[in-house]
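**Student:** model the structure of this input:
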Amino acid sequence: MKFSINKEEFLAKIILSSRITSSKLSSSTSLLGVFLKKEKDKIHFYSTNLNLYYHGFMKLVEKGDFITVIEPKKISEFLSLLPQGNVEVDVREKSIVLIQGKTK
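**Tutor:** Prediction:
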């Protein structure tokens, strides 16, 4: 599923949700990452370290749903290098592609 989202808002949500992940429990990918779920007109951000739980969301107009777990550190580092504006996000079966202009 492809969608366009504001880079600053998306980055803020990823950074906030990544603060509630577990770096010590490396056996589970879902505890290391941020769970993204798009349903209806919102994209939900979930994360946990088994003691704390985070849930945030952003409005997203595009149609279609998806579920994925992302590695927040790599994505937040990449997004922080991009200029302000919208970012194209392409969520695939086993990957996520971020595009802004000629940067991919």
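
**Student:** residue 72 reaches residue 16, doesn't it?
**Tutor:** No. The pair residue 72 / residue 16 is not scored as a contact, 9.6 Å apart, by C-beta atoms under 8 Å. The way it works is simple: take the backbone N, C-alpha and C, and place the C-beta from them, glycine included.

**Student:** quick one, which of these two is more surrounded?
**Tutor:** residue 72 (21 against 15; other C-beta atoms under 10 Å).

**Student:** distance-wise, check that one relative to residue 13.
**Tutor:** Residue 72 is 10 Å from residue 13, where distance means C-beta to C-beta, to the nearest Å.

**Student:** spell out the secondary structure type for residue 63.
**Tutor:** The three-state label given to residue 63 by DSSP: H, G, I helix; E, B strand; the rest coil is coil.

**Student:** so what's the residue count around it?
**Tutor:** Residue 63 has 10 neighbouring residues, counting by other C-beta under 10 Å.

**Student:** likewise for residue 15?
**Tutor:** Look at residue 15: counted by other C-beta under 10 Å, it has 16 neighbours.

**Student:** that concludes my questions; thank you for your assistance.
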